[in-house]
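>>> one predicted model, sequence on top.
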Amino acid sequence: MSSIPAETETSICLTGLTGTGVRTVAQALVEAALLEGRYIQLFDDNFVKKGEGEEVVYARVSSSVLKQRNRPEKIEGGVFFEQSLLGSPEITNRVNHASWVLINTKKSLRELSKTFKSHSKIYVFNASEIARYFIEKDFPGLPMLGGLLKINPLVEISSLEKVIREKFKDRWDKELLEKNLIALRMGYNEINL
Amino acid sequence: MKQFKRLALSGSLAYSEALRQITPSVLVSYHQSHRDNPVKFFTNFLEDGSAGTVLQISDSPLSALSFAIGAGRTGGRVALSFEAEGLAQAQTLMREAVKLRLPLVVNATYATDNPPYYHLVNQGFLEFYCTSAQEVYTANLVATRLVEDSAIRLPIVIYYDKYLIGSFVENVNVLSDESVVKFIGGINYTTEFSSISSFASIWEAQSKVFEKFTVYSKALSDFSAIVLSPFDYYGDPDADCAVVLIGPLSGTLLSAVDEVVRERAKKIKVIVLKLIHPFPDEPIKKFLGSAKSIGLIESELLPLGRSSFYNSFAGSLYRYETSGNLKSLVLPIGREIVIGDFVNLISKLN
C-alpha cells in the first residue's frame, strides 16, 4: 500500500519538451495510483505561456474524490525533464511554492544554484545520461519518475513497475522493458534525501 | 455486485472505449482540430480489429450529417463525432433527423468559453451535458438504449468540454465488453417511418424521455453500480439561495459552495443540469421550491444580453409560477476558473 496518509491530496507539476515522454510517464504515475485505489487527475496547463514544444502537466492524486478542475492551488513538487525550462519564468512560477523541485541536468547542485534560485528544496541528477546508457535514447522520463518516487513516495515503485510492464508489453521487447525498469530504479537510487 | 474495471481515461478516450464496446455500424466524424480528437483514438481499435465499424470522416458538417442520415435510414446503428460549432452549422439537417425519427447518438465537443447551450436553438433532439469523463462513457451506453426505444426514437447530442473533459484524465469505471453487449443488445429500431413524423408525435416522444432515461440508467446501475443521473442536487434543500449550472465546472462550484457555507454560514443549494432537452421543468420546480434568489452560472454575455439557456430557464420558472429572483452570474472568460470566481459570484446572491 502506498504511504499516502488518508484524506490527502498531492499535486505534482511535470514539465519538459513535447515528445520526450512527459505525458506518458505522468500517465503511468496516475495509473499506478489508480491501481492502489486512489482518485487521480492528469491534465495540461492550458493557461501558462509556453514556448514551442514545451509541455506542462499536472498529476493529482488523492484518497478521496477529486472535484475541482483547475490548476492545483498547492503543488507539492515540480519535475523538470529539461533544464532549459528553468529559464521560463512563467513555468518556474508555477512551482514557486512547491516543497521540492527535481531537475534533469548535467550540472551539480552548486553549479545550478548560481543561476537558478528557488525557495524549494532542489534535487538534481543526470537522468538523460541514465536513459542514454540503458535505453540508448534521451528519454529521461522513467529515471525522473524513479527520482520523484524517492523524494515523494506517491505510489509504490512496484505498482509503477506493474503498470509499465502492462502498458508497454506490446511496444517493447522483454529486454528493452527490463532495461527501462532498471533505468527507473537507477533514477530512484540517484536521489539522496 | 460491481462489474467494472477502473481506468485512467480522458473524456475522448472514454468515448472511444464506449464506441469500441457499442460497435456502431457507422461512425461519422467531423472535427476541425486534431488535438484529442476522439476518433483518432478510435482508429486504433479499427486497426487492431477490435471494432468493426465503418468510419466516415467528412470535411463539412453538412456532408457528415447527410451521410449519417442516409446510414440511419438503412437501419444501421449510427454514431457521430462532432465539434459543437460544426453542429451549429448543420442545424437544419438535425431537424430533418428529428422528423425522420432517427436514433443517432452524436457526441459533440465544445470550448469552455463557448458552450452550445448559449446559442444553439434546439431542433427537437435530446441534449445531455457531461460533467466528467465517466459520464461521457456512461451517457453513450444509456443514450444508445434510450434513442432506440420505440417510444422515443429521437437523436441525442452528448456534449462535453474538449479541455476540461476531453483531454482531462481521471478515474473512469469501465464495464466488460460482455456486459456492454448484454446491456445494449442488438439494434432495436425499424425503418418503418415511411413519412416524416408529425410534431405531435415528436412532442409525445419527448414527454417520455425522462422516464425512459431513468429506466435505462437504473438498469445500468443495477448490475454495474455505475450511476448516471439527468441532474445532480447538492446542498440544503430548504436554502433560499439556489445556483444552477451546466457543465464540468460543477466540481469547482461545489467546492466554492462548501467554502461559502463553512465560512459565511450561508445556506445554498445547487442543481447541476445535464439532460437539458426536453427542458426539465418539473424537477427544476421541485428543486427550487421556495428559493428566493436563483443564480444561473453563465460563461459569457452574448451581445444581445441573454443566452438561450437563460431564456429557457426563465420560461420554465414562468410556466410553473415559481417565484424567486433570477440572476445571471457571469464567469470571466479567457482564463482558468478557480474556486474564488464562484465564491465571488455566489456572494452576489441575496
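Cool, the structure landed.
>>> list the helices and strands the strand or helix carrying B:Arg262 packs on?
According to DSSP states H and E, B:Arg262 maps onto helix B:250-264. In terms of contacts (3 or more Cβ pairs under 8 Å, 6 or more residues apart in numbering or on different chains; DSSP states H and E), helix B:250-264 is packed against strand B:231-235, strand B:241-246, strand B:268-273, helix B:339-346. Using the backbone N, CA and C atoms, a C-beta is placed for each residue, glycine as well.
>>> got CSV for these, with mean pLDDT, distance to B:Ala205 and mean neighbour count too?
CSV is the format used below for the helices and strands packed on helix B:250-264 (pLDDT from 0 to 100; distance: least, Cβ to Cβ, whole Å; neighbours: other Cβ atoms under 10 Å in any protein chain shown):
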stretch, mean pLDDT, distance to B:Ala205, mean neighbour count
strand B:231-235, 90, 20, 16
strand B:241-246, 92, 23, 25
strand B:268-273, 92, 21, 23
helix B:339-346, 89, 37, 19
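>>> adding distance to chain A, write those out as a markdown table.
A markdown table is the format used below for the helices and strands packed on helix B:250-264 (distance: least, Cβ to the nearest Cβ, whole Å):
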| stretch | distance to chain A |
| --- | --- |
| strand B:231-235 | 10 |
| strand B:241-246 | 13 |
| strand B:268-273 | 11 |
| helix B:339-346 | 7 |
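>>> could you dump the ones you listed to TSV with distance to B:Ser179?
Output for those, formatted as TSV (distance: least, Cβ to Cβ, whole Å):
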stretch	distance to B:Ser179
strand B:231-235	25
strand B:241-246	30
strand B:268-273	27
helix B:339-346	37
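>>> my guess is B:Asp236 contacts B:Ala265, does it?
No - at 11.3 Å, B:Asp236 does not count as touching B:Ala265 under the criterion of Cβ atoms under 8 Å.
>>> what's the weakest-modelled helix or strand in chain A?
helix A:89-94 (a mean of 87; mean pLDDT, DSSP states H and E).
>>> gap between the helix holding B:Arg262 and the chain center?
Chain-centre distance of helix B:250-264: 24 Å, with Cα atoms, centre = their mean, to the nearest Å.
>>> now what about it, what contacts it?
A:66-70, B:131-132, B:232, B:234-235, B:243, B:245, B:266-268, B:270, B:272, B:297, B:337-343, B:346-347 (Cβ atoms under 8 Å, 6 or more residues apart in numbering or on different chains).
>>> picking that back up, who has more neighbours out of B:Asp236 and B:Ala265?
B:Asp236 (14 against 7; other Cβ atoms under 10 Å in any protein chain shown).
>>> who does B:Gly235 bridge with?
B:Lys269 (DSSP bridges).
>>> go through stretch B:108-126 and flag the buried ones.
Buried residues in stretch B:108-126, counted by 16 or more other Cβ atoms under 10 Å in any protein chain shown: B:108-113, B:115-118, B:120, B:122-126.
>>> now the chain, which segments are flagged as low pLDDT?
No chain was given, so I picked chain A. A:1-7 (pLDDT under 70).
>>> meant chain B, my bad for not saying
B:1-2, B:34-36, B:118-121, B:189-197, B:300-305, B:319-323, B:350.
>>> for the residue of the stretch 51-200 of chain B found nearest chain A, which non-adjacent residue is closest in space?
The stretch 51-200 of chain B approaches chain A most closely through B:Val169 (3.8 Å), counting by Cβ to the nearest Cβ. In this structure, B:Val169 finds its nearest non-sequential neighbour in A:Leu42, 3.8 Å apart by Cβ to Cβ, 6 or more residues apart in numbering or on different chains.
>>> number of residues surrounding that neighbour?
Neighbours around A:Leu42, by other Cβ under 10 Å: 24.
>>> near chain A, which residues of the stretch 201-350 of chain B?
B:248-249, B:251-252, B:254-255, B:335-339 (Cβ under 8 Å from any Cβ of the partner chain).
>>> B:Ala291 and B:Ala242, how far apart?
Distance from B:Ala291 to B:Ala242, counting by Cβ to Cβ, to the nearest Å: 4 Å.
>>> overlap in contacts, those two.
With Cβ under 8 Å, 6+ apart as the test, B:Ala291 and B:Ala242 both reach B:269, B:324.
>>> residue in the stretch 201-350 of chain B nearest to chain A?
For the stretch 201-350 of chain B, Cβ to the nearest Cβ, closest residue to chain A: B:Gly251, 3.5 Å.
>>> give me the buried positions along the top helix by length along chain A.
Longest helix in chain A, counting residues (DSSP state H): helix A:174-190. Neighbour-count burial for helix A:174-190, counted by 16+ other Cβ under 10 Å, picks out A:177, A:179-184, A:186-188, A:190.
>>> list of residues touching that helix?
With Cβ under 8 Å, 6+ apart, helix A:174-190 has contacts from A:125, A:127, A:130-131, A:133-135, A:142-147, A:149-150, A:157, A:160-161, A:164-165, A:168-169, A:172.
>>> and that helix, how far out from the chain middle?
With Cα atoms, centre = their mean, you get 15 Å for helix A:174-190.
>>> returning to what we had before: for the residue of the stretch 51-200 of chain B closest to chain A, grab phi and psi.
With angles defined as degrees, to the nearest 10, B:Val169 sits at phi -90, psi 130.
>>> quick check, it in contact with A:Tyr39.
No - using Cβ under 8 Å, B:Val169 makes no contact with A:Tyr39, being 11.7 Å away.
>>> the two - which one has more neighbours?
B:Val169 (28 against 19).
>>> how near is the more buried one to A:Gln27?
For B:Val169 relative to A:Gln27 (Cβ to Cβ), the value is 7 Å.
>>> anything in contact with each of those two?
With Cβ under 8 Å, 6+ apart, B:Val169 and A:Gln27 have common neighbours A:42, B:8.
>>> can you pull out the strands in the chain?
All of this refers to chain A. Remark: strands assigned in chain A by DSSP state E are A:9-17, A:39-44, A:54-62, A:77-80, A:100-104, A:121-125.
>>> um, chain B though
According to DSSP E, the strands that chain B contains are B:4-9, B:26-30, B:54-57, B:78-83, B:105-110, B:126-129, B:156-161, B:169-175, B:231-235, B:241-246, B:268-273, B:275-277, B:293-298, B:325-330.
>>> please save the CA atoms from the first one in PDB.
Translated: strand B:4-9. The C-alpha trace of strand B:4-9 is given here as PDB (Å, rounded to 0.1, in the frame of the first residue of the first chain):
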ATOM      1  CA  PHE B   4     -16.300  -2.800 -13.800                       C
ATOM      2  CA  LYS B   5     -12.600  -2.100 -14.000                       C
ATOM      3  CA  ARG B   6     -11.000   1.300 -13.100                       C
ATOM      4  CA  LEU B   7      -9.100   3.000 -15.800                       C
ATOM      5  CA  ALA B   8      -7.400   6.400 -16.100                       C
ATOM      6  CA  LEU B   9      -9.000   7.900 -19.200                       C
END
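>>> now do the same end-to-end measure for stretch A:66-78.
Terminal residues of stretch A:66-78 lie 20 Å apart, using Cα to Cα, to the nearest Å.
>>> list buried residues within the residues of the stretch 201-350 of chain B next to chain A.
Of those, these count as buried by 16+ other Cβ under 10 Å: B:248-249, B:251-252, B:254-255, B:336-337, B:339.
>>> farthest-separated two in the residues you listed?
B:Leu254 and B:Glu336 (17.1 Å; Cβ to Cβ).
>>> isn't B:Ser221 up against B:Leu228?
Yes - with contact defined as Cβ under 8 Å, B:Ser221 reaches B:Leu228; the gap is 7.5 Å.
>>> number of residues surrounding A:Thr8?
11.
>>> let me redo that: B:Ala219
13.
>>> quick one, what contacts the closest residue to it other than its chain neighbours?
Sequence neighbours aside, B:Phe183 is the residue nearest to B:Ala219 in space, at 7.1 Å (criterion: Cβ to Cβ, 6+ apart). Contact analysis of B:Phe183 by Cβ under 8 Å, 6+ apart lists B:141, B:145, B:175, B:219-220, B:223.
>>> ok, now with 10 Å
B:21-22, B:141-142, B:144-145, B:175, B:216, B:219-220, B:223-224 (Cβ atoms under 10 Å, 6 or more residues apart in numbering or on different chains).
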